[in-house]
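> Model the structure of this input:
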Amino acid sequence: MEFIIDTVQKTFELGKKIGKMAKPSDIFCLTGDLGTGKTHITKGIAKGLGINENITSPTFNIVNEYHSGRLTLYHFDVYRVSEPDEIEAIGFDEYIFGDGVSVIEWANYIEELIPNEYVHINISKMPEISENHRKITIKYFGDKYSYLKELEKC
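Numbering: from 1, shown residues only. As a prediction, the model looks like this:
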């Protein structure tokens, strides 16, 4: 699925739709250059989960936990992870195979740790149109994520 988005608010709204549909143990892997909107889509996912806390990128913590929604959100930012062992040391498997929803920014940095079933969300800039335009591509791997087909109707 591809979406052409031209505002931060629309990125947030797409994330919110995803969050409303998300199920326990879902894994959303976000990729894209700096400043494309990975944290904005994560904020939307959090809102869709019913989380009203201020969502910030956990750049220096690796993971932030938000427990106030219908499902717990585990928000990872692995930009500064230099070795996959670093993320394994914090109990990564316990997070992603638990009952919460995991959102992993810069997931391409730890590809070897990502399970076979996950959702890949890539956000890319579209400077040929404008500095605000983004192409958001969503691919899912595993039948458990077939519910995301509903996004095509939005």
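> Need the pLDDT of the most far-flung residue of the chain relative to its centre.
Residue farthest from the centre of the chain, counting by Cα atoms, centre = their mean, is residue 128 at 25.4 Å. Residue 128 carries a pLDDT value of 90.
> quick one: buried residues of the helix or strand bottoming out on mean pLDDT in the chain?
Using mean pLDDT, DSSP states H and E, the weakest-scoring helix or strand in the chain turns out to be helix 84-89, at a mean of 83. For helix 84-89, a neighbour-count test (16 or more other Cβ atoms under 10 Å) marks residue 87 as buried. Using the backbone N, CA and C atoms, a C-beta is placed for each residue, glycine as well.
> next one: it to chain centre, how far?
Put simply, helix 84-89 sits 19 Å off its chain's centre (Cα atoms, centre = their mean, to the nearest Å).
> What lies in contact with that helix?
Applying Cβ atoms under 8 Å, 6 or more residues apart in numbering, the contact partners of helix 84-89 are 62, 76, 78, 81, 110, 112, 113.
> my read: the third one touches residue 112, true?
Read that as residue 78. No - between residue 78 and residue 112 there is no contact under Cβ atoms under 8 Å: 11.9 Å.
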